[in-house]
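A.B. asks: For reference, the sequence and a predicted model appear below.
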Amino acid sequence: MIDLSKYTKELSNLFSSAENILLISHINPDGDAIGAQLALYHYLKVQNKKVTLLSPNYLQEFLKWMNGAELINIFIRERAKSKKLIAEADLIVMLDFNQANRLGEAEELVVQSHAKKIVIDHHLDPSDFVDLIISEPTMCSTSELVHELVCVMNGKQFISKPYAEALYVGIITDTGNFEHGSYSSRTFRIVAELLDTGIEKEKILNLIYNNFSSDRLRLQGFALNQRMVVLPEYKTAYIYLSKADLLSYNHVKGDTEGFVNLPLSIKGIHFTALFIEKDTFIKLSFRSKGRFPSNEFASLYFAGGGHLNAAGGEYTDSLDNTIDYFLKVLKENVWRFEDDI
Ligand code: 5GP
Ligand code: MN
């Protein structure tokens, strides 16, 4: 087990001396970012701390039901209020990211704020823009890390139901419901403790995974039938969706979540990419099996990052040109598949 005591003394001191704590998730927050943010919120509230919550942009539908989600201020919706929250905070905790640009439009205000700043995260290569970096890439999720820190700091077991629910959401979403290899036996011990609080796992699974529109399912069928390209010679498959494609299926935020994983089920495919056309750029998601470093690929060519097997980035060009560029750099990286498993 990792020794977290190297962080917890300073973390406890920062929490106890703070009067006004602001917890921030990353832009396009996923289940782990919101799960870790809300779990820490529920923990700190029980310690009678003043805590406020901020997300750079909107939450996806499948996370809005969570206990405390309604308290998260959305920077791009409530700019004046959000700026005030940042200005008033004396401690800012950032969850599930380690680069300042993941703060979106809040970046400058947060970086320049006089508050003490902490990052709690499980991605590789944290950048040094805060006072305390708690970075543990071996953890399956930031939610798992938050729980481990709380266990050390609290000295005894702290688990309330809303806290357990938030952690459970973070863990299941970041491991793809225990499909990705990033979880450990420790993860299952934690999950066992969470389930012991009586959280309704069936209900939570349905709210997260079985809560989509029929249009979303049809969009998935369309993407696989009409927009998937398989390149066996490169062990790669990719899916692309234009703005018009999304519009014709009444796309809402979150609808394409998970599409990038689908082609990994094809035998011999070790690397997948998803291209989504946005207003001014193309958003890319990458997934890999084995040792192909999605994060290195994302950061080298698409100004992004992430984990070895799950990463993302952006490219500012047309959809066609982005795909051409992707194919060009993919060919340059084909050697990376050679010692792949
Ligand atoms: P997703 O494909 O689910 O959007 O993202 C997968 C992983 O890649 C996440 O862990 C996320 O942190 C990372 N990621 C996605 N997009 C970006 C990006 O634009 N920049 C960076 N640095 N990481 C990203
Ligand atoms: Mn995460």
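C.D. replies: Sure thing, it's come through. Numbers count the residues shown, from 1 in each chain. Ligands and ions are numbered 1, 2, ... in the order given.
A.B. asks: got a list of what the residue of the stretch 151-300 of the chain found nearest ligand 2 touches?
C.D. replies: Proximity of the stretch 151-300 of the chain to ligand 2 (C-beta to the ion) peaks at residue 174, 4.5 Å away. Every C-beta, even on glycine, is put in place using the N, C-alpha and C of the backbone. Residue 174 makes contact with 30-32, 140-143, 180, 182 under the criterion C-beta atoms under 8 Å, 6 or more residues apart in numbering.
A.B. asks: swap in residue 231?
C.D. replies: 237-238, 330 are the contacts of residue 231 under C-beta under 8 Å, 6+ apart.
A.B. asks: which SS class is residue 126?
C.D. replies: coil (DSSP: H, G, I helix; E, B strand; the rest coil).
A.B. asks: In terms of helices and strands, where is the residue of the stretch 101-250 of the chain found nearest ligand 1?
C.D. replies: Residue of the stretch 101-250 of the chain nearest ligand 1, by C-beta to the nearest ligand atom: residue 123 (5.9 Å). In the assignment (DSSP states H and E), residue 123 maps to no helix and no strand.
A.B. asks: nearest spatial neighbour of it, skipping sequence neighbours?
C.D. replies: residue 98 (5.3 Å; C-beta to C-beta, 6 or more residues apart in numbering).
A.B. asks: Verify the contact between residue 184 and residue 141 for me.
C.D. replies: No. In this structure residue 184 lies outside contact range of residue 141 using C-beta atoms under 8 Å: 11.1 Å.
A.B. asks: Compare the two and say which is more crowded by neighbours.
C.D. replies: For residue 184 versus residue 141, neighbours defined as other C-beta atoms under 10 Å are more numerous around residue 141 (28 against 14).
A.B. asks: Local confidence estimate at the spatially closest residue to the more buried one that is not a sequence neighbour?
C.D. replies: Distances taken as C-beta to C-beta, 6+ apart place residue 174 nearest to residue 141, at 3.8 Å, with adjacent residues excluded. In this model, residue 174 is scored at 93, pLDDT.
A.B. asks: So that it lines up with my notes, have the first residue be 42 from now on.
C.D. replies: All set: I'll call the first residue 42, so the last point we hit is now residue 215.
A.B. asks: any idea how far residue 215 is from residue 137?
C.D. replies: To residue 137, residue 215 is 9 Å away according to C-beta to C-beta, to the nearest Å.
A.B. asks: overlap in contacts of the two?
C.D. replies: Shared contacts of residue 215 and residue 137 (C-beta under 8 Å, 6+ apart): 71, 73, 183.
A.B. asks: How many neighbouring residues does residue 73 have?
C.D. replies: Residue 73: 29 surrounding residues under other C-beta under 10 Å.
A.B. asks: tell me which element it falls in.
C.D. replies: For residue 73, the element it lies in under DSSP H and E is helix 72-87.
A.B. asks: What are the buried residues along that helix?
C.D. replies: Residues 72-85 are the ones in helix 72-87 that count as buried (16 or more other C-beta atoms under 10 Å).
A.B. asks: Can I get these in a markdown table including pLDDT?
C.D. replies: Shown next, in a markdown table, are the buried residues of helix 72-87 (pLDDT from 0 to 100):
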| residue | pLDDT |
| --- | --- |
| 72 | 97 |
| 73 | 98 |
| 74 | 98 |
| 75 | 98 |
| 76 | 98 |
| 77 | 98 |
| 78 | 98 |
| 79 | 98 |
| 80 | 98 |
| 81 | 98 |
| 82 | 98 |
| 83 | 98 |
| 84 | 97 |
| 85 | 97 |
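A.B. asks: give me phi/psi at the closest residue in space to residue 59 that isn't next to it in sequence?
C.D. replies: Of all residues not flanking residue 59 in the chain, residue 132 sits nearest, at 3.6 Å (C-beta to C-beta, 6+ apart). Main-chain torsions, residue 132, degrees, to the nearest 10: phi -140, psi 130.
A.B. asks: contacting residues for residue 132?
C.D. replies: When contacts are counted by C-beta under 8 Å, 6+ apart, residue 132 touches 55-56, 59, 61-63, 156-159.
A.B. asks: re the thing from before, tell me how far the residue nearest to residue 182 lies from residue 203.
C.D. replies: 19 Å.
A.B. asks: so who does the residue of the stretch 92-241 of the chain found nearest ligand 1 touch?
C.D. replies: For the stretch 92-241 of the chain, the residue closest to ligand 1 is residue 140, as judged by C-beta to the nearest ligand atom, at 5.4 Å. By C-beta under 8 Å, 6+ apart, residue 140 lies in contact with 167-168, 346.
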